[in-house]
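Engineer: Sequence and predicted structure, then a few things I'm wondering about:
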Amino acid sequence: MLKTAAEARNHLLASLPENEYAQLQPFLKDMPLKQGTVLAEQGEVIDQVYFPHSGMVSIVVVLSEGEKSVETATVGREGAVGAIAGLGDRKSSARAIVQVEGSGSRISARHLQATVKQSPLLRDFIVRYQEMLLHQAQQSTACNALHEARPRLCRWLLQTRDRLDTDVVALTQEFLAQMLGVRRTTVTELARGLQSKGFVRYKRGKIEILDRPGLEDCACECYQALRHQADYYFPRSS
């Protein structure tokens, strides 16, 4: 059974041998990923697993009865949201919310678990992916604690661009402020500063990357560290 073009855009699904993918395919349901949609809630049982084809999902830890949150990782077409539920019943340790809209496929946790029991390779993929997410969370924790907002914004924009097929990123000030842990007015100042250097073009709700090398020079070291970690766990095909 051949993979559909949409499902093949998710790297985890595309990496599976055809016979193992064929076991998942009947249970995968296409869906839009609309900005602001909560795919998993912190503390709740994971009953659906999501494989993005495009767009990006933020993994955020919610504090103080929902009034404060911090982003610890992001998920795009390279991975999945809630994949750990393929190893058995699990509760979500964080909230997963669509940051950049796109599309994806979802599968029930019980169907994924049934397939994992018959597929050591899929189980290995899930374990390795969870290890990568853990390292991403550790790197993000250090980044949020030690680096200033501007290089963190550059790192985040580069990470987002790596997952998209366009240099134009649709983002609200509110989302960016939550991600950086700053005021919305600070987001405007940071974006305008990058625009004045010619790195981006900023309009309300949209950031267009104009100078990627310049943005990489401005980003903190965490961007390259995260790329190296991703390549270690899931090397890109030549």
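Structural biologist: Good, I have the coordinates. Numbers count the residues shown, from 1 in each chain.
Engineer: CA atoms for contacts and neighbours, from now on please.
Structural biologist: Fine.
Engineer: Go through stretch 147-157 and flag the buried ones.
Structural biologist: Residues of stretch 147-157 classed as buried: A149, R150, P151, R152, L153, C154, R155, W156, L157 (neighbour count, 16 or more other C-alpha atoms under 10 Å).
Engineer: Identify the residues contacting the residue lying closest to V182 once chain neighbours are set aside.
Structural biologist: Spatial nearest neighbour of V182, chain neighbours left out: A149 (7.9 Å); criterion: C-alpha to C-alpha, 6 or more residues apart in numbering. Contacts here follow C-alpha atoms under 8 Å, 6 or more residues apart in numbering; on that basis A149 touches L180, V182, L190.
Engineer: isn't the first one right next to L153, touching?
Structural biologist: Yes. Shown here, L180 and L153 form a contact pair, counting by C-alpha atoms under 8 Å, at 7.1 Å.
Engineer: Now do whatever helix or strand L215 lives in: everything it contacts.
Structural biologist: Applying DSSP states H and E as the criterion places L215 in helix 212-218. Contact with helix 212-218 is made by R150, P151, C154, R155, L158, F199, as judged by C-alpha under 8 Å, 6+ apart.
Engineer: model confidence over stretch 81-95, on average?
Structural biologist: Per-residue pLDDT values over stretch 81-95 give a mean of 95.
Engineer: How about W156: what's its closest non-neighbour residue?
Structural biologist: W156's closest residue in space is Y223 (C-alpha to C-alpha, 6+ apart), at 7.8 Å.
Engineer: Tabulate the CA atom coordinates of the host helix or strand of that neighbour in PDB.
Structural biologist: Using DSSP H and E, Y223 sits in helix 222-233. This file holds the C-alpha atoms of helix 222-233, laid out as PDB (Å, rounded to 0.1, in the frame of the first residue of the first chain):
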ATOM      1  CA  CYS A 222      20.600  26.800  21.000                       C
ATOM      2  CA  TYR A 223      19.400  26.800  17.300                       C
ATOM      3  CA  GLN A 224      22.400  24.900  16.100                       C
ATOM      4  CA  ALA A 225      22.400  22.700  19.200                       C
ATOM      5  CA  LEU A 226      18.800  21.700  18.500                       C
ATOM      6  CA  ARG A 227      19.500  20.900  14.900                       C
ATOM      7  CA  HIS A 228      22.400  18.700  15.800                       C
ATOM      8  CA  GLN A 229      20.200  16.800  18.300                       C
ATOM      9  CA  ALA A 230      17.500  16.300  15.600                       C
ATOM     10  CA  ASP A 231      20.100  15.000  13.100                       C
ATOM     11  CA  TYR A 232      21.500  12.600  15.700                       C
ATOM     12  CA  TYR A 233      18.200  11.000  16.500                       C
END
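Engineer: and it, which residues are buried?
Structural biologist: Those would be C222, Y223, L226, Q229, A230, for helix 222-233 by 16+ other C-alpha under 10 Å.
Engineer: give the contact list for the last one.
Structural biologist: Pointing back at A230 there. Counted by C-alpha under 8 Å, 6+ apart, A230 has contacts M132.
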